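Chemist: kindly generate the corresponding structure for this input.
(one chain, ligands or ions: 1)
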Amino acid sequence: MRISIVGTGAMGLLFAYLLSKSEGLEILLLDNHPERAEKIRRDGLLVEGVSGEHLVRPRITVKPEEIGPTDLVILCVKSPDTYEAALNAKPLIGAETGVLTLQNGLGNLESIEEALGRGRAFGGTTSMGATVLALNRIRHAGWGETIIGEPSGERTERAEAILDLFRLAGIEASFTDNLPGLLWSKLIINVGINALTALTRIHNGRLVEHAGTRSVMKSAVEEAARVAEALGIRLLYDHPVEKVGSVCEATAGNIASMLQDILKEKRTEIEQINGAVVREAAKLAIPTPVNETLLGLVKTLEESYTERIRG
Ligand code: PAF
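Modeler: Residues are numbered from 1 along each chain as shown. Alright, predicted model coming up:
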């Protein structure tokens, strides 16, 4: 079986490493960064952290036509780049190829289908933790569950196939028939954690130790949960604020992905996380002042990298 992974950030490289251990699987990485692709091709991919120290040599290219059609595509780019990355991945798509997104935020399934056609995309979430240390080096920061679902809710062959592959690779994986509920449940966690870490530059665990961040987190999460409820979304947990607090504790040492982006002076997923809540709320006339504030502040951070006053 041929599996292509599009996007070679921390999560793409982690899944490439984990899947590359399984026999009979050909893993092909599509990068958009020639220097990184060359480095990984030349020196291999180094993984350290909770799964030990490893050097693997996945096939990697920046040219999708060198890969050609694959059985499954796993899209791991940042959510603002989904549409472009999916369009660029066209040569990887055969008649039956499914495209799995495990990205943060809302709108990824829709962007993939817009680029590649209806019925292509299925989705999920992962709470696996990883950080990029160098072009060809990542830290596997923590194991976590990966949950997969189909927009139709059906347990399809492609979902079964990916669950088997993930389990063979040692990834804890399960299926849900409630994909919108899964995506919103993860969204609300990101709503409560990501922007706050980006603005305060602290680890996830510290957010619940400061009264200020605890209070903003509670309001942001309650706003998002109200929108989910109005949309008729069935969340996977009953108490959103408590759930987000427990994720902070479980990932206490993590540098959340949005803070990693800010530290590297990159575009963040704020539009697909707090921005998505604000946009959905506006359609329903639900006020979301805290999410609007977080959105405005993180967008300003992104737009002002070159203006920053350094102490
Ligand atoms: O985006 C992230 O970093 C993760 O989704 C989460 C759950 C916030 C943990 O760091």
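Chemist: need the contact list for L165.
Modeler: Counting by C-beta atoms under 8 Å, 6 or more residues apart in numbering, L165 touches M1, I3, L19, S22, L25. Yep, even glycine has a C-beta here, placed from its N, CA and C like the rest.
Chemist: now with 7 Å, please.
Modeler: L19, S22, L25 (C-beta atoms under 7 Å, 6 or more residues apart in numbering).
Chemist: by neighbours, which of those wins?
Modeler: In terms of neighbours by other C-beta atoms under 10 Å, those top out with L19 at 23 neighbours.
Chemist: output the contacting helices and strands for the helix or strand containing that one.
Modeler: Using DSSP states H and E, L19 sits within helix 10-20. Contacts defined by 3 or more C-beta pairs under 7 Å, 6 or more residues apart in numbering; DSSP states H and E place helix 10-20 against strand 2-6, strand 26-30, strand 45-49, strand 54-56, strand 129-134, strand 137-142.
Chemist: among the contacts of L165, which one has the lowest pLDDT?
Modeler: Of all the contacts of L165, S22 has the smallest pLDDT value, namely 88.
Chemist: would you confirm that that one contacts I171?
Modeler: No - look at S22 against I171 with C-beta atoms under 7 Å: they stay out of range, at 10.3 Å.
Chemist: so for L72, what's the pLDDT?
Modeler: According to the model, L72 carries a pLDDT of 97.
Chemist: partners of it in the sheet?
Modeler: Beta bridges link L72 to I3, G98, judged by DSSP bridges.
Chemist: tally of neighbours for it?
Modeler: By the criterion of other C-beta under 10 Å, L72 has 21 neighbours.
Chemist: for it, what are its contacts?
Modeler: L72 makes contacts with I3, T97, G98, L100, R158, I162, as judged by C-beta under 7 Å, 6+ apart.
Chemist: work out the gap between the helix holding L19 and the centre of the chain.
Modeler: Mean C-alpha position of helix 10-20 versus that of the full chain (C-alpha atoms, centre = their mean, to the nearest Å) differs by 13 Å.
Chemist: then stretch 24-33?
Modeler: Per C-alpha atoms, centre = their mean, the centroid offset for stretch 24-33 relative to its chain is 18 Å.
Chemist: not counting sequence-adjacent ones, nearest residue to A256?
Modeler: Counting by C-beta to C-beta, 6 or more residues apart in numbering, A256 lies nearest to T197, which is 4.1 Å off, once chain neighbours are set aside.
Chemist: other SSEs contacting the helix ranked longest in the chain?
Modeler: Criterion DSSP state H: the longest helix present in the chain is helix 179-200. Secondary-structure packing of helix 179-200 (3+ C-beta pairs under 7 Å, 6+ apart): strand 121-126, strand 146-149, helix 204-207, helix 211-230, helix 240-250, helix 257-263, helix 274-283, helix 289-303.
Chemist: return the distance of the spatially closest residue to V298 that is not a sequence neighbour relative to L199.
Modeler: Distance criterion C-beta to C-beta, 6+ apart; nearest residue to V298, sequence neighbours excluded, is I270 at 4.2 Å. The spacing between I270 and L199, counted by C-beta to C-beta, to the nearest Å, is 10 Å.
Chemist: what number of residues lie near N274?
Modeler: By the measure other C-beta under 10 Å, the count of residues near N274 is 32.
Chemist: quick one, grab the pLDDT at it.
Modeler: 98.
Chemist: what do you get for A141?
Modeler: A141 carries a pLDDT score of 89 in this model.
Chemist: coming back round to it: hmm, who's touching the helix holding L19?
Modeler: Contacts of helix 10-20 (C-beta under 7 Å, 6+ apart): 3, 5, 25, 27, 29, 45, 47, 54, 56, 58, 74, 76, 102, 128, 130-132, 138, 140, 165, 169-171.
Chemist: this structure against the ligand: which residues are in contact?
Modeler: For the chain, the contact set with the ligand under C-beta under 6 Å from any ligand atom comprises N104, S127, I189, N190, I193, N194, N204, V247, T251, N254, A256, S257.
Chemist: go with 8 Å
Modeler: With the criterion set to C-beta under 8 Å from any ligand atom, the chain comes near the ligand through 104, 127, 129, 186, 189-190, 193-194, 197, 204, 247, 251, 254-260, 269.
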